[in-house]
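Trainee: give me the fold of what follows.
(one chain, ligands or ions: 1)
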Amino acid sequence: MRDTANLRSRFHARFGARTPAPRAFFAPGRVNLIGEHTDYNDGFVLPVALELGITLIAAPRDDRRIRVYSQDLDQTAEIDLDRPGTGNSGQWVDYIEGVAHMVDARIQRIRGADLLVAGDVPWGAGLSSSAALEIGTGFALLSLAGATVDRVALALAGQAAEHTFVGTRCGIMDQRVSACARAGSALLVDCRSLAAEAVPLPSGPVAILVTDTRKKHALATSEYNTRRAECERGVALLQSALPDIRALRDVTEAAFAEHASLLPEPILRRVRHVVTENARTQSAADALRLGDIAAVGASFLASHRSLQHDYEVSCPELDALVDLAVAQPGVYGARMTGGGFGGSTVSLVDESALDAVMAAVRDAYQRRFGVEPSFLVTRGGAGARELDG
Ligand code: GAF
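Mentor: As a prediction, the model looks like this:
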């Protein structure tokens, strides 16, 4: 249970007592099971929301100012909704400023608020603390304005904030799952139509183990935007033979094999990753529906190799965690999760083997990199919501 009583008293200490009492909101981080770097190619993704995320204590104001206190950083910031924000300060407040302006401009005019934010999802671990901050803030501001939150519109506002106020041309996956996840399920999202289906996670003795390299994801923004541009270049080159394609989502594995000669390196490998990852994601979702965990696990490892060699977004720490995990008895598969260049891996592990797997991975990783990885197990959390007092 989140200690909202404690957070409320910290809110009072910072902003003064309020009547009516401030409200508490929560939005989760995520771990992606499979479908990496497919979202901005109009493809498929299969993320799971974590039980961890960002909690906000929020009270409305009579003006259009947002005052926000980050408990984790012990920093305060102020935003004026009537002044165009610029963002791109490289600070946490960019996410808040961005989503507040985007919600205000695109969904509904909102009023000012005093906010306290506190997170329990680690920053820089590739688990979407930033999307949780965007979605939690947007959800709180819309709720204070009396709106019934349109969760897909909120996810799009969060994505737009990240493009304009942060400078990452991200896809929709992180915001979509933080806004819309169902507890105990993965969310299969078609990132073109934005339609989503909750796919129940195995109820049997299989755990989703997240392992943090403790290497903060470096190069993430610049390399991320480069990959996205490479995919767009791939589409433009393939359109000379396939004029009807709009995105790499439209390229089948057969069409890719037929027209691969149109693509120079490294575009060829970038496109191959996206085309094969899209196919893997859909078959992994089918396997998950059937409870075929061995097949899901096999697709994890194929995904990782493709991200490692074709998309080139892995790093030695992520590769080591994957190789160490899949060498252990009871592990069905492992892969890097999220944007890459650091962050975390996700593994499917027999519950009875969990302790032994974590001990073996911890020891070997620490010997090699001089730092202990950290672990968490998720059963799939729910999307953004208001918390009871
Ligand atoms: C980051 C982005 F924010 C997502 O949109 C997605 O592209 C992911 O990297 C890679 O799959 O988390």
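Trainee: for the stretch 101-250 of the chain, which residues are neighbours of the ligand?
Mentor: Proximity of the stretch 101-250 of the chain to the ligand is confined to 170-171, 173-174 under the rule Cβ under 6 Å from any ligand atom. C-beta: built from backbone N, CA, C; applies to glycine.
Trainee: tell me which of those residues fall in helices.
Mentor: Using DSSP state H, the members of these that fall within helices are 173-174.
Trainee: burial of Glu312, as a residue count?
Mentor: 16 (other Cβ atoms under 10 Å).
Trainee: that's a helix at it, yeah?
Mentor: No - Glu312: not assigned to a helix; according to DSSP: H, G, I helix; E, B strand; the rest coil it is coil.
Trainee: where does the stretch 101-250 of the chain dip in pLDDT?
Mentor: Where the stretch 101-250 of the chain drops to pLDDT under 70, the residues are 218-219.
Trainee: got the residue ranges for the strands in it?
Mentor: With DSSP state E, counting those that start in this stretch, the ranges of strands along the stretch 101-250 of the chain come out as 113-119, 185-190, 196-200, 206-212.
Trainee: residues of the one helix or strand Arg8 maps to that come out buried?
Mentor: Under the criterion DSSP states H and E, the helix or strand holding Arg8 is helix 4-15. For helix 4-15, the neighbour count (16 or more other Cβ atoms under 10 Å) marks 4, 7-8, 10-12, 15 as buried.
Trainee: check the residues you listed against the ligand, which are close?
Mentor: Among those, none lies close to the ligand by the criterion of Cβ under 6 Å from any ligand atom.
Trainee: closest one of those residues to the ligand?
Mentor: Leu7 (26.8 Å; Cβ to the nearest ligand atom).
Trainee: right, and the secondary structure at the closest residue to the closest one other than its chain neighbours would be what?
Mentor: Closest residue to Leu7 apart from its sequence neighbours, by Cβ to Cβ, 6 or more residues apart in numbering: Ile57 at 5.1 Å. Here Ile57 is recorded as strand under three-state DSSP.
Trainee: bridging residues for Ile57?
Mentor: Per DSSP bridges, residues listed as beta-bridge partners of Ile57: Ala24, Leu116.
Trainee: which residues touch it?
Mentor: Shown in contact with Ile57 (Cβ atoms under 8 Å, 6 or more residues apart in numbering): 4, 7-8, 10-11, 22-24, 115-116.
Trainee: what does Ser70 give?
Mentor: Shown in contact with Ser70 (Cβ under 8 Å, 6+ apart): 76-77, 92, 117-118.
Trainee: for those residues, pick the one with the most neighbours.
Mentor: Among the contacts of Ser70, Val117 has the most neighbours (other Cβ under 10 Å), with 25 neighbours.
Trainee: ok, now which ones touch that residue?
Mentor: Val117 sits next to 54-56, 68-72, 96, 133, 136-137 when contact means Cβ under 8 Å, 6+ apart.
Trainee: which of those residues fall in helices?
Mentor: Per DSSP H, these map to helices at 96, 133, 136-137.
Trainee: so what's Arg249 closest to, chain neighbours aside?
Mentor: Spatial nearest neighbour of Arg249, excluding adjacent residues (Cβ to Cβ, 6+ apart): Asp42 at 3.8 Å.
Trainee: ugh, wrong one, Gly340
Mentor: Using Cβ to Cβ, 6+ apart and skipping residues adjacent in sequence, the residue nearest Gly340 is Val313, 3.2 Å away.
Trainee: my guess is that neighbour contacts His304. True?
Mentor: No - if you go by Cβ atoms under 8 Å, Val313 and His304 don't touch, sitting 10.5 Å apart.
Trainee: list the residues that contact both of the two?
Mentor: Shared contacts of Val313 and His304, defined by Cβ under 8 Å, 6+ apart, are found at Met336.
Trainee: where do the helices of the stretch 101-250 of the chain begin and end?
Mentor: In the stretch 101-250 of the chain, the helices defined using DSSP state H, counting those that start in this stretch lie at 129-144, 151-161, 173-180, 220-238.
Trainee: out of those, which comes closest to Arg289?
Mentor: Counting by Cβ to Cβ, Arg289 lies closest to helix 173-180 out of these; the figure is 17.8 Å.
Trainee: contacts for the closest one, please.
Mentor: 27-30, 32, 35, 39, 45, 47-49, 53, 128, 130-132, 134-136, 139, 151-152, 154-156, 158-159, 162, 187, 189, 191, 194, 196, 383-384.
Trainee: for Asp174, see how far away Tyr365 is.
Mentor: According to Cβ to Cβ, to the nearest Å, Tyr365 stands 26 Å off from Asp174.
Trainee: and these two? which has more neighbours close in?
Mentor: Comparing Tyr365 with Asp174 by other Cβ under 10 Å, the one with more neighbours is Asp174, at 29 against 21.
Trainee: quick check: nearest residue in space to that one, chain neighbours excluded?
Mentor: Leaving aside its sequence neighbours, Asp174 sits nearest to Ala131 (Cβ to Cβ, 6+ apart; 3.5 Å).
Trainee: thinking the one you found is in contact with Gly29, fair?
Mentor: Yes - the criterion here is Cβ under 8 Å, and Ala131 meets it with Gly29 at 7.4 Å.
Trainee: for the residue in the stretch 1-150 of the chain that the ligand sits nearest to, give me its contacts.
Mentor: Residue nearest to the ligand within the stretch 1-150 of the chain (Cβ to the nearest ligand atom): Glu36, separated by 4.0 Å. Contacts for Glu36 (Cβ under 8 Å, 6+ apart) come out as 45, 277, 303, 307, 311, 313, 335-338, 340.
Trainee: got the domain ranges for the chain?
Mentor: 4-199, 201-378 (automatic domain parsing).
Trainee: which of those is buried the deepest?
Mentor: domain 4-199 (a mean of 21; mean count of other Cβ atoms under 10 Å).
Trainee: tell me how far the residue nearest to Gly340 lies from Ala179.
Mentor: From Val313 over to Ala179 the distance is 25 Å, taken as Cβ to Cβ.
Trainee: what's the answer for Gly381, then?
Mentor: Distance, Gly381 to Ala179, using Cβ to Cβ: 12 Å.
Trainee: swap in Ala327?
Mentor: Distance from Ala327 to Ala179, by Cβ to Cβ: 37 Å.
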